[in-house]
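Participant: structural data only, the sequence is not supplied:
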């Protein structure tokens, strides 16, 4: 078996129409920075500096710009203000630029004569490789080989290498290396000042960029070539560029390396932005290429040891899950709790680099069980943005904290469409759920006392203002968009009400417990939060009286109190091409009054509270909702796959697995063109771990319990699992499983189904 | 009694803070063009060329720009495209500019020493008068008197006159007359090309403007002065200007007249834009000032004869109703059915010059009974925009025609906020209701056959696509915003469902009747409209099966099927200052889930179908809804006044009358700052005619029937009334009424209550 097939995403044959897809899919990153996989030399007919005004349309359904190629260079936390879209992550200067000309003919993948093209992202070390044969008009043949990576160990560094081997003829080669600030973010320029400079004796150049928000970004590049070139500066006001020339004969191998250090004023490290970049670079040069790579590769290796899911018997699933884990690992800014993971995994401008509930519900479980420190940071991000959440609540006229549907880096609401921003309120409860999930999976009870209690009390305050009390003496949540975004204003959405009830119950329990166990600590918190016994009673009463639109006897748990009153649709007559989203075939107006779910809603509820529903209820819900769910959201199929698996519908679950894997990987659908569906990456992990391996959520289980139902053909599934401070390896086969404690520990659990 | 008090709107004493209010309130117009009452010389610190991007916020609640002064020059039909707000009426070049300087000191109402200021809009002839004393820094005193009007007889002409009388000292007077294109519409420049020119020998100048949409506007001005001035051109790229100087002694009276002709390529008249303006102007000059004014005044006189409402015993109401009628009369483009009357009566940029349901429901009754030809034109506008309505339907995925919530001049939807555009669908039925109202009030049955049938069939098609059939075999209208815009997505809104049912019923009745009476005409229409018997049956069945959320036994007619499920509000704790809109005290989010009406909804229904509800139902509805209605829409109070009057709640009705009158007139609230609430002007007429005079709607009555309930203190109310081709005068006193047929006819009805 060729290990490469199980570890490398491959592009074979060049298709200009797929460029954006692969740019997204092959995005490289190291937590600190992320770069889409655009060609070093750019693309003809794909200018990156087009100015336009993007409107706050429905992101799922709008037609994105940039038909051909979109560069993207992102550092989480560096954001700008768009007049209509609000805060957006800034597409930073493209620092990978390398152009080649032979006798004046520019290398261009579309216009040059290219053959034998292939590209490969090696998931083991995140290195991107490209190779092809370039025949110039004058008949020279050059074998071109590129590779590049962003160091996972030295996260300010980017390392590029190109080798050009002359097969035939004599080449007058011109090389141009650039750092280009002539880029845009959703059509906007966010740069207030750009200063290119170079030292062409040394073959180095730099680009200093000041954003309109006042962030400084410093990029410093050093070039090394196999033959000495005499560099000349060719700057423009928005670009640092060095140009050199050399003559090559058949048989010659020319190599060029470009080493770049990127620093910003937002980095936690001390020292001036510029001098840190220079220091990084000189340290790197003294380490040397091999050592640099070694450090990087070791760092990736450790990450894979903690996270890899090994599947025997299904190579496609094996590669797919690794692609998802790769993007999850790279997106995580392990040491920085001032940012979280944005909805497109920092691989595109869709969703503007903002933070959604995806983080808590779709991504967190993976991190909980592979990198608890990262999970902790994700929750700390919410703690760090509590003040922003309080400002949100105030803006809406409530006390307490209301987390943003689309969070800025300061926690403030950025969603430009009111139906989501105003009404998709479950996010605030999702965060509390996630915090408890974290505490239960890790045992880090101290988190609650140190950070959690403020989040609990402030969000409980918000909920007490947000509920409406009815004449029956119960309270309700009206005007709510649940997870299903195709019904914007529903009454008592089951998912939302249950999550809010949970959140309030935990608040009450946490306060009770703290007061009992550590009264002085409780007293300090109560004083800090101005919490009096009356308000605690209000929390308790609201938790108790918040009605749920179902109970244990409900046959089909309704999505909301008013769900039955929406219109039935004849899907077949409307959705005439199921390869495209349902939303393309119906007006929002009609959609908003019809029973067509964008995504799992009741099933998501049952996934989060599995022990509260009977198997009959799960089955009835699945049978009722699945046919009317469009999966227009990428958050949906994984949930359906898990539930299908729980219901032992193996074939259906396997079909959902295929759909999950296709979301980013399908070249046909250009799935990754606008970025990675990072929630779906987390969803794939959950489908495998909660669905196929049948792991009982740490939320509801003290110990590792599994009820595996492997897809047909899977011989063995194994994955590491962090659980309450210990690390385990879980191995599942068709008729049993084994849990092996790592660090020299023994097997702690095992069962035969 | 001083007649002026009953005919003149007066501004006494200058307050810079009220300037915008009076600019709106004193707007002059003649159907063809409209100009806000800005000072001829402009205002210091009120630049008119500020560029900014206006966002599609909620118009009712947003804070408008231009704190001090906003010029506005509008020709209905001349529109431009705003990137966010869509189609908007263009604020054309300001042609009234006249500046004076004395020894270099510029006359400015804020900075100069001004005393004895007063301004007066004479509603009889629409002339605006201004006078004040200007003391210059050098001690000269000038008594300044301005007057201006847009000719109601020669609608392309504007006539201005200024007299400066030197009381003390010697004045070196500098005069500058301008035509200025340095203006904006909601922060946008809509002009592609501006060409100023002048003939300073003749004292004439012109400004040729080409809009981005390709409209040409030509303004030509001629100046005449009491002493000959030597004019010099002082153009800028966006302004035509003539400057002249003269020396005046104490006792001198200097007069300046500015006569302007405005023509556009959109005018129905034949001939080139430029030459028509020159012809208009030379014709005007040959007529002379007196004859010009005479023609204008006669035209206004005829209009008042057809429309004036005379009230004895309430001078404030007398003046108020005339102010409303003035704006209704001036807003109506009598001879042009390519435009209707926009929501701000062409007196401001709010609502962008678009057409709403106000036209049909609030304005039409006044025109039906005073100027049936104008009413016909308003309906013809809807016929003329039927193709636009069909495109709207298609865009939403329906057959037939769907009138726009905010109509462009071509009928296409311009509303930038989806909750209104998508869901406030009653407009399409309102237009059919209005058409029937027109036919019944005028007897113009031919309208139906010639124009109406297309509108009926195409709108019926839309409704058949828009309804959802439920399992009980009835059909419903889900996801609907009724007239109450504070509940965006309701189920079976009573108003909407009744209006749609009416519309479908009339379609069926019209088709049946036409087929019976004029089968060949029916056959032609059926062929033109591709109407087959099956579709007619669908219309009939849908009309029959569309459910109403009430019947004759319902105690409190619900606003919608789901109304009871919204939250109750404690208004007193939220709405702490009732002088400001309720909407300022609550988030949209909370508003959208609460029982707080923006405006009359069930009561509006009962106003349109009075015979279908018992007095008990009317009373119950009033008692239930009135306390929870915020009247944040100006369409609300008049309806409440009518219903209160019907319920014989005289004091309450009189209070509503005060509120109706205050909407535009209140200087305290700066009611007219952003334009005239033209629907409320129509509402005032309805309150008086339907409410106090108790006229039974022509929709439901063959003959003129009244049930008067005059407010306390009103001695006599009388008004002309066009009814089925005849004209009458109705006179109401406290204990009876008289209907007198005009044109030599006799009294046809009379009764004692």
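Facilitator: Nice, thanks for sending it over. Being a predicted model, the structure only gives us computed values, none of them experimental. Numbering: from 1, shown residues only, chains lettered A, B, ... in the order given.
Participant: phi, psi of residue A:260?
Facilitator: Main-chain torsions, residue A:260, degrees, to the nearest 10: phi -130, psi 140.
Participant: what's around it, how many residues?
Facilitator: Look at residue A:260: counted by other C-beta atoms under 10 Å in any protein chain shown, it has 27 neighbours. Just so you know, the C-beta spots here come from the backbone N, C-alpha and C atoms, and that holds for glycine as well.
Participant: what sits against it?
Facilitator: A:95-96, A:157-160, A:179, A:219-222, A:281 (C-beta atoms under 8 Å, 6 or more residues apart in numbering or on different chains).
Participant: could you do residue A:26 as well?
Facilitator: Residue A:26 neighbours (C-beta under 8 Å, 6+ apart): A:9, A:11, A:36-37, A:119, A:121, A:128.
Participant: could I get the full set of helices for the stretch 1-150 of chain A?
Facilitator: Applying DSSP state H, counting those that start in this stretch to the stretch 1-150 of chain A gives helices spanning A:3-7, A:19-25.
Participant: how about those in JSON lines, adding mean pLDDT and mean neighbour count?
Facilitator: As requested, the helices of the stretch 1-150 of chain A are exported to JSON lines (pLDDT from 0 to 100; neighbours: other C-beta atoms under 10 Å in any protein chain shown):
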{"stretch": "helix A:3-7", "mean pLDDT": "93", "mean neighbour count": "14"}
{"stretch": "helix A:19-25", "mean pLDDT": "96", "mean neighbour count": "25"}
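Participant: minimum distance to residue A:447: which of those helices has it?
Facilitator: helix A:19-25 (34.3 Å; C-beta to C-beta).
Participant: any idea which helix or strand carries residue A:654?
Facilitator: Element membership for residue A:654, per DSSP states H and E: helix A:650-665.
Participant: ditto for residue A:247
Facilitator: Going by DSSP H and E, residue A:247 is in strand A:239-248.
Participant: repeat for residue A:438
Facilitator: helix A:426-442.
Participant: who does that helix touch, helix- and strand-wise?
Facilitator: When contacts are defined as 3 or more C-beta pairs under 8 Å, 6 or more residues apart in numbering or on different chains; DSSP states H and E, helix A:426-442 sits against helix A:364-370, helix A:372-384, helix A:446-447, helix A:453-466, helix A:494-517, strand A:716-723.
Participant: mind redoing it with 10 Å?
Facilitator: helix A:364-370, helix A:372-384, helix A:386-395, helix A:446-447, helix A:453-466, helix A:494-517, helix A:602-608, strand A:716-723 (3 or more C-beta pairs under 10 Å, 6 or more residues apart in numbering or on different chains; DSSP states H and E).
Participant: right, and the ones you listed - which one's nearest chain B?
Facilitator: Each of these has some distance to chain B by C-beta to the nearest C-beta; the shortest is helix A:386-395, at 7.7 Å.
Participant: which residues belonging to that closest one are considered buried?
Facilitator: A:386, A:388-393 (16 or more other C-beta atoms under 10 Å in any protein chain shown).
Participant: could you dump these to JSON lines with distance to residue A:333?
Facilitator: Formatted as JSON lines, those follow (distance: C-beta to C-beta, whole Å):
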{"residue": "A:386", "distance to residue A:333": "19"}
{"residue": "A:388", "distance to residue A:333": "18"}
{"residue": "A:389", "distance to residue A:333": "20"}
{"residue": "A:390", "distance to residue A:333": "24"}
{"residue": "A:391", "distance to residue A:333": "24"}
{"residue": "A:392", "distance to residue A:333": "23"}
{"residue": "A:393", "distance to residue A:333": "27"}
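Participant: of these, closest to residue B:537?
Facilitator: Nearest to residue B:537 among the buried residues of helix A:386-395, counting by C-beta to C-beta, is residue A:392 at 53.6 Å.
Participant: quick one: pLDDT of the closest one?
Facilitator: Looking at residue A:392, its pLDDT is 98.
Participant: next, the contact list for it, please.
Facilitator: Contacts here follow C-beta atoms under 10 Å, 6 or more residues apart in numbering or on different chains; on that basis residue A:392 touches A:385, A:398, A:400-405, A:407, A:411-413, A:421, A:428, A:462.
Participant: ok, the closest residue in space to residue A:452 that isn't next to it in sequence - how many residues close by?
Facilitator: The shortest distance from residue A:452 to any non-neighbouring residue, by C-beta to C-beta, 6 or more residues apart in numbering or on different chains, is to residue A:435 (5.4 Å). Counted by other C-beta under 10 Å, the residues lying close to residue A:435 total 24.
Participant: same check on residue A:150?
Facilitator: Around residue A:150 there are 27 residues (other C-beta under 10 Å).
Participant: just checking, it touches residue A:158?
Facilitator: Yes. Using C-beta atoms under 10 Å, residue A:150 makes contact with residue A:158 at a distance of 5.2 Å.
Participant: overlap in contacts, these two.
Facilitator: In contact with both residue A:150 and residue A:158: A:28, A:30, A:33, A:35, A:96, A:260, A:262, using C-beta under 10 Å, 6+ apart.
Participant: I'd like the helices of the stretch 1-150 of chain A written out as TSV, with distance to residue A:487 added.
Facilitator: Listed next are the helices of the stretch 1-150 of chain A as TSV, based on distance: least, C-beta to C-beta, whole Å:
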stretch	distance to residue A:487
helix A:3-7	42
helix A:19-25	30
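Participant: and the ones you listed as CSV, adding distance to chain B?
Facilitator: Formatted as CSV, the helices of the stretch 1-150 of chain A follow (distance: least, C-beta to the nearest C-beta, whole Å):
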stretch, distance to chain B
helix A:3-7, 46
helix A:19-25, 26
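Participant: quick check: which of these is nearest to residue A:577?
Facilitator: That would be, of the helices of the stretch 1-150 of chain A and by C-beta to C-beta, helix A:19-25, which comes in at 19.7 Å.
Participant: what packs against the closest one?
Facilitator: strand A:8-12, strand A:113-122, helix A:315-331, helix A:650-665.
Participant: which of those is buried the deepest?
Facilitator: helix A:315-331 (a mean of 23; mean count of other C-beta atoms under 10 Å in any protein chain shown).
Participant: of all the helices and strands packed on helix A:426-442, which one is nearest residue B:681?
Facilitator: Using C-beta to C-beta, these put helix A:386-395 closest to residue B:681, at 36.3 Å.
Participant: give me the residues contacting the helix or strand following that closest one.
Facilitator: Per DSSP H and E, the first helix or strand lying C-terminal to helix A:386-395 is helix A:418-423. By C-beta under 10 Å, 6+ apart, the list of residues contacting helix A:418-423 from outside reads A:56, A:58, A:86, A:356, A:392, A:396, A:404-406, A:413-415, A:427, A:478-482, A:485, A:487-490, A:493, A:496, A:588, A:592, B:58, B:417-419, B:488-489, B:587-593.
Participant: ok, of these, which come out buried?
Facilitator: A:56, A:86, A:356, A:392, A:396, A:404-406, A:413-415, A:427, A:478-482, A:485, A:487-490, A:493, A:496, A:588, A:592, B:417-419, B:488-489, B:588-593.
Participant: nearest to chain B: which residue in the stretch 601-750 of chain A?
Facilitator: For the stretch 601-750 of chain A, C-beta to the nearest C-beta, closest residue to chain B: residue A:628, 14.6 Å.
Participant: residue A:254: what's it in contact with?
Facilitator: Taking C-beta under 10 Å, 6+ apart as the test, what residue A:254 contacts is A:100, A:142, A:144, A:162-166, A:171, A:173, A:175, A:225-227, A:229, A:246, A:248.
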